Every structure is written in C-alpha cells, then in structure tokens.
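1. I need the structure of the sequence given here:
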Amino acid sequence: MKLKKRNKRSRIRGRRTCGWAMKKHKGSGNRGGKGMAGTGKKADQRKSWVIKYQFPYFGKQGFTSKSTEKKRVKFINLKDIESRYGAGEINLKGYKILGEGEITKKFVISAKAASKSAREKVEKAGGKVLLLEKEAKPSNIKPEVKKEVKK
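-> Coordinates of the predicted model:
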C-alpha cells in the first residue's frame, strides 16, 4: 500500500502538453515570437497593439497609377485672399478661387479656375479674374502628309 499518492501535476510534468489539450498550451508557438511575429490575419492577441502603434498595417498599400489618381486642386476663398494680400496683382497659379466672403479692394487675380460667384464679386469691386489656359500636351500622332498622285 502506498503511503503518499503523487499529485497530478507532478505526474503530467515532462509530457508534451502538461495536462492541457493541444495548440495554445504547448508554449509560445501559437502567438509567434518577438516583434511583429504572429501579427497575421488571425492575430487577435496582438490586434490592439498593431492598431495602436502600427496604424497603416492593415488594408491596401502601394501605388496608385497616374491614370487613376484623383485631381488635387487647391482652393482659396475671397476672404482669405483679402486678408493675406494687399490690393494689386496676384498670381495664384495652382488654385481655384471660391466666392466665400466679401472683397472690397481692387485685385487682378490670375488663377487656374474660379467660381461664378467669385468672378462676380471681384468684378463688382473693380478687379479682374484671369484664368490660365491649360498647357497643350504634344501629341505622338504625326500629321498626315498628302502625296500627290502622278497621272
């Protein structure tokens, strides 16, 4: 007859899973190693850390081709023009002028584009809006040369 029975923990030690089933209780292998290891698609244990410290980690990354890139035009309102510049000629080459606010000084503004209300307000104050024309791109198509047919 045994006087003292070995406890369950000591009997399980040394076995592969130490009394648990498999997977998560085998060791650190399920969670990955150090750093960014284990932060894949199903990494719920690290998702909060990744979202907090590695923000653009999930989602699409990479380049957008120039043909699909959105047009990025800068905008400026009339109230901003009057507060920033004194009266006179202003060159706002890459901007579109919007008509928010009133204008009292006389301006000659050259810009890429302007809204109808902005043009009306500038002209009412005695100024002008000059719209810059788009630069013509050289085409790769060669002009046709007509050949004379000898009879």
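2. what about the strands in the protein?
-> Under the criterion DSSP state E, the chain contains strands at 74-77, 88-98, 107-114, 128-131.
3. What is the first one packed up against?
-> The elements that strand 74-77 packs onto, with contact taken as 3 or more C-beta pairs under 8 Å, 6 or more residues apart in numbering; DSSP states H and E, are strand 88-98. To be clear about C-beta, it is placed using only N, CA and C from the backbone, and glycine gets the same treatment.
4. Buried residues, the strand it packs on. List them.
-> 90, 92, 95-98 (16 or more other C-beta atoms under 10 Å).
5. give me phi/psi at the nearest residue to residue 36 once chain neighbours are set aside?
-> Leaving aside its sequence neighbours, residue 36 sits nearest to residue 54 (C-beta to C-beta, 6 or more residues apart in numbering; 7.5 Å). Main-chain dihedrals, residue 54, degrees, to the nearest 10: phi -120, psi 50.
6. Could you give the number of residues near residue 54?
-> 12 (other C-beta atoms under 10 Å).
7. ditto for residue 3
-> 4.
8. And the pLDDT for it?
-> Per-residue pLDDT puts residue 3 at 85.
9. wait, what's in contact with it?
-> Listed by C-beta atoms under 8 Å, 6 or more residues apart in numbering, the contact set of residue 3 is empty.
10. where's it relative to residue 12, distance?
-> 21 Å (C-beta to C-beta, to the nearest Å).
11. Correct me if wrong: residue 87 contacts residue 109.
-> No - assessed by C-beta atoms under 8 Å, residue 87 is found out of contact with residue 109, at 11.0 Å.
12. Looking at those two, which is more packed in?
-> residue 109 (25 against 15).
13. The more buried one reaches residue 122, doesn't it?
-> Yes - using C-beta under 8 Å, residue 109 is in contact with residue 122, at 6.5 Å.
14. and for these two, which residues touch both?
-> Joint contacts of residue 109 and residue 122 (C-beta under 8 Å, 6+ apart) are 97, 128-129.
15. CA atoms only for the longest helix anywhere in the chain - export them in PDB, please.
-> Longest helix in the chain, counting residues (DSSP state H): helix 116-124. Written as PDB, here are the backbone C-alpha positions of helix 116-124 (Å, rounded to 0.1, in the frame of the first residue of the first chain):
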ATOM      1  CA  LYS A 116     -19.000  82.200 -61.000                       C
ATOM      2  CA  SER A 117     -19.800  84.000 -57.700                       C
ATOM      3  CA  ALA A 118     -16.100  84.700 -57.100                       C
ATOM      4  CA  ARG A 119     -15.700  86.300 -60.500                       C
ATOM      5  CA  GLU A 120     -18.800  88.400 -60.000                       C
ATOM      6  CA  LYS A 121     -17.600  89.700 -56.600                       C
ATOM      7  CA  VAL A 122     -14.100  90.600 -57.900                       C
ATOM      8  CA  GLU A 123     -15.500  92.400 -60.900                       C
ATOM      9  CA  LYS A 124     -18.000  94.200 -58.600                       C
END
